[in-house]
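> Pasting the sequence and the predicted coordinates here, then a few questions.
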Amino acid sequence: MHASLRISVVFWALAAAQSASAQDRSLIAAGAEVYQTHCATCHGERLVNPGSTFDLRRLRADERPRFDKATREGKGQMPAWGGVLSAEEFDQLWAYVRSKADD
């Protein structure tokens, strides 16, 4: 591979990685706002409340369907958020929860 082409490929890969990181950070920050507005009262400031609510830090990456079902339809004492939050807000919230995960 020609040196200038190799440099271009490396530069493009680095730029793409930085862009994805910026997008991820933006998604997480937006999710933090959604969490503070709709979830922190019951689930606590740090995604865990020593009371009877689920420790959200325990959700694994493969549990997105479980998260979606519980948040959209409600579960136990938790109300359904399906008619309140948009699909984008659910994605933001999931990104925030996963950013704080124990695993």
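Cool, got the structure. Computed from a prediction, not measured in an experiment: that's the story for all the values here.
> Let me know the pLDDT of residue 6.
Here, the pLDDT recorded for residue 6 equals 56.
> repeat for residue 78
90.
> Show me what it is bridged to.
residue 75 (DSSP bridges).
> That one: what's it in contact with?
With Cβ atoms under 8 Å, 6 or more residues apart in numbering as the criterion, the residues that contact residue 78 are 42, 53, 70, 71. In this view, the C-beta of every residue, glycine as well, is placed from N, C-alpha and C.
> which ones among these are found in strands?
Within these, no residue falls in strands by DSSP state E.
> Show the buried residues in these.
The neighbour count (16 or more other Cβ atoms under 10 Å) marks 53, 70, 71 as buried among the contacts of residue 78.
> ok, and the closest non-adjacent residue to the second one?
Meaning residue 70. The spatial neighbour of residue 70 that comes closest, neighbours along the chain excluded (Cβ to Cβ, 6 or more residues apart in numbering), is residue 78 at 6.8 Å.
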